[in-house]
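In: I'll drop the sequence and a predicted model, then ask my questions.
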Amino acid sequence: MSSDANVARLRAHQQNIERYERLLKTQLTELEAKFLQKRLWEERFWMAMLTKDRDVPAALHPDLLIDERALERARAAPRAAPVAKAS
């Protein structure tokens, strides 16, 4: 792929990223926000692929992000006592 084509692709991905980030700042339904987050990840993924930064994409994938509040609630929840096994 030529350098000019690569630059054009990078520019298009960057413009898409900026557009999705702007849209995420607006009032959206949960479904719309999830869709945009996925598209944002895809654009970042392809930018990383084009720039050979292969470590970034997995860390940005929305399905891999940890909901910190849910994690804190899970840590704070009381645990059930273990059930004794019958011998």
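Out: Sure, I can see it.
In: would you map the helices across the protein?
Out: Along the chain, the stretches classed as helices by DSSP state H are 3-24, 30-51, 56-60, 68-76.
In: confidence-wise, which of those is weakest overall?
Out: Comparing mean pLDDT across the helices of the chain, the weakest is helix 56-60, with a mean of 49.
In: not counting its neighbours along the chain, what's nearest Glu21?
Out: When the adjacent residues along the chain are set aside, Glu21 lies closest to Leu40, with 6.9 Å between them (C-beta to C-beta, 6 or more residues apart in numbering). Placement of C-beta: from N, CA and C, glycine included.
In: so who does that neighbour touch?
Out: By C-beta atoms under 8 Å, 6 or more residues apart in numbering, the residues touching Leu40 are Ile17, Tyr20, Glu21, Leu24.
In: correct me, but the last one touches Gln37?
Out: What that stands for is Leu24. Yes. A contact is recorded between Leu24 and Gln37 when judged using C-beta atoms under 8 Å, the distance being 7.2 Å.
In: these two - which one has more neighbours?
Out: Gln37 (17 against 14; other C-beta atoms under 10 Å).
In: what distance do you get for the more buried one to Ala5?
Out: According to C-beta to C-beta, to the nearest Å, Gln37 and Ala5 sit 28 Å apart.
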